[in-house]
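Chemist: Have a look; sequence and predicted model below, questions after that.
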Amino acid sequence: MLRSAPLHRTLFTAFLGLFSAVVAAHSIPDIPVRGAFQTGGDAEISIEINPRNWTESPKMALSLEQKDFLTYTSAQKEELLKQTKAFVATYLEFTLEPIGRVQPDFTWDFVAETGKPLMKMDDAVVARGKWKTKIPAGVTGWKVRSLPGHKVATVFTNTVDGKEHPRFMVMFPGETSFTFDLTGLAAKPPTGPTPGSVGTHSTESGAWSNFSSYFKQGFEHILPEGLDHILFVLGLFLLCRAWKPILLQVTTFTFAHTITLALATLGYVSAPANIVEPIIAASIAVIALENIFRPTYGKFRILLVFVFGLIHGLGFAQRLIDERIPSGSIVSSLLGFNLGVEFGQLAVIGLAVAATFWIKDEEKYRGWIVIPASTLIAVAGLFWAYQRVS
């Protein structure tokens with residue numbers, strides 16, 4: 001017993017740290033960069049910056065809501081725009097080929113995070129920049145680079161003559177987008193190319209680009225961003241270390257969340273985040289409490305995992321819905337994101353196995369790991385559910 005005390009303290013400290021991170025966590029807002037091009041040369045580049053993006057810990061910072069923004073003075077709003085412009089100048093690089101790097105002359109206003117006018121008191125306020133220009137003669141393409149030093153992803157999308165281009169990209173800090181083909185757009189009709197001919201060289205590589213980009217995003221949605229989903233997967237693992245129960249639970253969870261992830265992203269089902277998110281938090285607590293008070297593996301557990309998987313799928317889908325994926329890219333993006341989520345979950349299971357395999361005695365394992373960890377996970381889930389409801 002004397003030798004086990006340091007282990008108890010170490011485990012408690014580790015899970016307490018995880019709990020602290022979980023209850024403070026929020027999703028990270030992306031930076032959407034959109035290009036809208038017209039045959040004949042008209043172009044508009046737009047960008048949206050959430051003030052959370054330039055904080056030290058964007059994941060833990062709260063969005064600026066409309067009710068607080070209404071209290072801002074003119075000087076405070078001007079300071080907000082100053083910080084926004086500095087962030088864009090420091091971390092984003094815009095290039096027109098073959099001209100080279102350009103500095104867009106954005107006109108700024110404040111809108112809701114969805115790009116719509118600010119209306120509700122709890123709308124998240126973002127600074128939106130628009131640059132209307134003409135495509136210079138000889139320009140063949142444009143691209144964006146997400147410079148290192150920040151902690152958010154940049155979403156690069158484009159339209160031609162109002163039609164969404166199927167190829168887009170999610171860039172992490174330090175990555176550069178593909179070059180979007182603008183060849184011939186500056187020419188006057190009818191000599192210019194038809195909209196369908198613009199960028200057709202990128203169709204096949206675009207599907208792979210979308211898949212790989214969203215695979216990475218799906219993985220990061222679990223590790224390190226998805227602390228709520230990490231706790232849920234750990235709750236599944238803690239019930240029983242035998243490989244068959246673990247495999248069946250994870251497979252059931254995967255099957256369930258794949259259904260709602262696809263249906264919600266395709267627009268067939270929907271549920272408001274203020275309902276889905278508290279239920280996700282509550283599901284964490286339920287699974288953990290069952291590990292403590294009803295530690296038996298059976299049909300009820302599998303049914304519970306399936307139901308909660310459906311709910312978690314709606315939570316996963318919100319990330320894809322917010323990014324407004326072009327309709328021609330939904331399949332490759334869905335597949336990549338879902339596989340990324342699965343590999344993230346398997347990584348969590350693998351880390352849990354590696355951390356506990358050395359404890360051979362099941363009674364000690366339950367006393368040292370299952371009960372303390374499940375207790376902290378349950379407390380985190382309940383606290384988070386209360387936080388999200390209130």
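Modeler: Sure, I can see it. From a predicted model like this one, the values you see are computed outputs, not experimental measurements.
Chemist: rest of the way, CA atoms for contacts and neighbours
Modeler: Fine.
Chemist: which stretches of the stretch 151-300 of the chain form helices?
Modeler: Along the stretch 151-300 of the chain, the stretches classed as helices by DSSP state H, counting those that start in this stretch are 203-222, 227-239, 243-265, 273-293, 299-322.
Chemist: C-terminal to the longest one, which secondary structure element comes first?
Modeler: Looking back up the chat, that one is helix 299-322. helix 330-356 (DSSP states H and E).
Chemist: Now do that following helix, average pLDDT.
Modeler: Across helix 330-356, the average pLDDT comes to 88.
Chemist: could you pull out the strands for the stretch 1-150 of the chain?
Modeler: Taking DSSP state E, counting those that start in this stretch to define them, one finds strands in the stretch 1-150 of the chain at 31-37, 42-49, 92-97, 100-102, 107-112, 125-134, 141-146.
Chemist: coming back round to it: ranking the helices of the stretch 151-300 of the chain by burial, who's on top?
Modeler: Highest mean neighbour count of the helices of the stretch 151-300 of the chain: helix 227-239, a mean of 24 (counted as mean count of other C-alpha atoms under 10 Å).
Chemist: Where does the record place the domain boundaries for the protein?
Modeler: Annotated domains of the chain cover 5-25+219-389, 31-193 [automatic domain parsing].
Chemist: would you turn those domains into JSON lines with distance to Ser213?
Modeler: Formatted as JSON lines, the domains of the chain follow (distance: least, C-alpha to C-alpha, whole Å):
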{"stretch": "domain 5-25+219-389", "distance to Ser213": "7"}
{"stretch": "domain 31-193", "distance to Ser213": "6"}
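Chemist: Out of these, which gets the lowest mean score?
Modeler: When I compare those, domain 5-25+219-389 is least confident, with a mean of 83.
Chemist: Of the strands of the stretch 1-150 of the chain, which is nearest Ala153?
Modeler: Closest to Ala153 of those, according to C-alpha to C-alpha: strand 31-37, at 6.2 Å.
Chemist: Show me the contact partners of the closest one.
Modeler: Contacts with strand 31-37, where a contact means C-alpha atoms under 8 Å, 6 or more residues apart in numbering, come from 43-50, 152-162, 185, 323.
Chemist: Look at stretch 160-176 and report the distance between its end residues.
Modeler: 21 Å (C-alpha to C-alpha, to the nearest Å).
Chemist: Glu362: which of the helices of the stretch 151-300 of the chain is closest?
Modeler: helix 227-239 (11.6 Å).
Chemist: who does that closest one touch, helix- and strand-wise?
Modeler: Where contact means 3 or more C-alpha pairs under 8 Å, 6 or more residues apart in numbering; DSSP states H and E, helix 227-239 is packed against helix 5-23, helix 243-265, helix 273-293, helix 330-356, helix 371-389.
Chemist: Quick one: neighbours of Leu70, just the number.
Modeler: Neighbourhood size, Leu70 [other C-alpha atoms under 10 Å]: 10.
Chemist: List the residues that contact it.
Modeler: Contacts for Leu70 (C-alpha under 8 Å, 6+ apart) come out as none.
Chemist: And it, how close does it get to Asn210?
Modeler: Distance of Leu70 to Asn210, given as C-alpha to C-alpha: 39 Å.
Chemist: ditto for Pro166
Modeler: From Pro166 over to Asn210 the distance is 9 Å, taken as C-alpha to C-alpha.
Chemist: joint contacts of the two?
Modeler: Residues within reach of Pro166 and of Asn210 at once, by C-alpha under 8 Å, 6+ apart, are Ser329.
Chemist: Contact partners for Gln318?
Modeler: 265, 273.
Chemist: need the helices of the stretch 151-300 of the chain in a markdown table with distance to Pro148, can you?
Modeler: What follows is the helices of the stretch 151-300 of the chain, written out as a markdown table (distance: least, C-alpha to C-alpha, whole Å):
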| stretch | distance to Pro148 |
| --- | --- |
| helix 203-222 | 17 |
| helix 227-239 | 24 |
| helix 243-265 | 30 |
| helix 273-293 | 31 |
| helix 299-322 | 23 |
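Chemist: Just the buried residues from the contacts of strand 31-37, in ChimeraX please.
Modeler: In ChimeraX, this line selects whichever of the contacts of strand 31-37 come out buried by 16 or more other C-alpha atoms under 10 Å:
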select :43,44,45,46,47,48,49,50,152,153,154,155,156,157,158,159,160,161,185,323
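Chemist: Can you tell me the centre-most residue of this structure?
Modeler: In the chain, the centroid-proximal residue (C-alpha atoms, centre = their mean) is Arg319; its distance is 4.9 Å.
Chemist: Ok, which of the helices of the stretch 151-300 of the chain comes nearest Leu92?
Modeler: Once the helices of the stretch 151-300 of the chain are compared by C-alpha to C-alpha, helix 203-222 is nearest, at 18.2 Å.
Chemist: and that closest one, how far from the chain's centre?
Modeler: Counting by C-alpha atoms, centre = their mean, to the nearest Å, helix 203-222 is centred 12 Å from the centre of its parent chain.
Chemist: Could you do stretch 82-101 as well?
Modeler: Chain-centre distance of stretch 82-101: 23 Å, with C-alpha atoms, centre = their mean.
Chemist: Give me the residues contacting stretch 208-223.
Modeler: Outside stretch 208-223, the residues that reach it (C-alpha under 8 Å, 6+ apart) are 167-171, 226, 229-230, 329, 332-345, 348.
Chemist: All set now, cheers.
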